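>>> output the structure for:
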Amino acid sequence: MDLLKYIRNVPNFPIEGIQFKDITTLAKIHEPFKESCDQIIDQFKDKGITKVTAIEARGYIWGGVIAYQLGAGFILIRKPGKLPAETISETYELEYGTDTIEMHSDAIEKGDRVLVFDDLLATGGTAKAACKLVEKAGGDVVGVAFVIELTGSLHGREKLSNYNVISLIEIPVEE
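Predicted structure coming up:
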């Protein structure tokens, strides 16, 4: 199934010059949504995954399904101040400044085998920070999965070169 045909391109969102890849158009139709989940599950079903983390917000749509199908727990990674209990955090570089993500400090146990999921890989900063959070908590990152990977000038995969990275759709991007 050609999943790319279900991705909507939204010009100049959220700012001028950005071509936003809207994945909600894939999620709203059962067949491509199921296919995208199944492809990721198939890649990791024999890897002994005990936890799946997902990065807010679109990552949650797939992350919960993937965790359920893998028989794993599901861990939320959020922006600061959104989780109710004690958290650990990781700050990472953006093109202009920094950002931070958090997860509950008791979400991952030493030795957990973790799949990190997000909907889209662009520069790789958020996903790398999520991997660092998992490792800080004592987990082992078994893989990092995305529905979409923007390839070319963004070099996101390079930031994740120490991990097993899979993406279902590759979309070339030039500066």
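>>> only C-alpha atoms from now on, for both contacts and neighbour counts.
OK.
>>> now the longest helix belonging to the chain: mean pLDDT?
Longest helix of the chain, by residue count under DSSP state H: helix 30-44. Helix 30-44 shows a mean pLDDT of 98.
>>> which stretches of this protein form helices?
Using DSSP H, helices in the chain cover 24-27, 30-44, 58-70, 125-136, 156-159.
>>> give me whichever of these is most buried.
For the helices of the chain, the largest average neighbour count (mean count of other C-alpha atoms under 10 Å) is found in helix 125-136, namely a mean of 22.
>>> who are the packing partners of that helix?
Of the remaining helices and strands, those touching helix 125-136 by 3 or more C-alpha pairs under 8 Å, 6 or more residues apart in numbering; DSSP states H and E are strand 87-94, strand 97-104, strand 113-121, strand 140-152, helix 156-159.
>>> one more time with 7 Å, if that's ok
strand 87-94 (3 or more C-alpha pairs under 7 Å, 6 or more residues apart in numbering; DSSP states H and E).
>>> list the buried ones in the strand it packs on?
87-91 (16 or more other C-alpha atoms under 10 Å).
>>> need those residues in a markdown table with pLDDT and distance to residue 134, can you?
Shown next, in a markdown table, are the buried residues of strand 87-94 (pLDDT from 0 to 100; distance: C-alpha to C-alpha, whole Å):
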| residue | pLDDT | distance to residue 134 |
| --- | --- | --- |
| 87 | 98 | 12 |
| 88 | 98 | 10 |
| 89 | 98 | 10 |
| 90 | 97 | 10 |
| 91 | 96 | 13 |
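>>> please consider this matter closed, and thank you.
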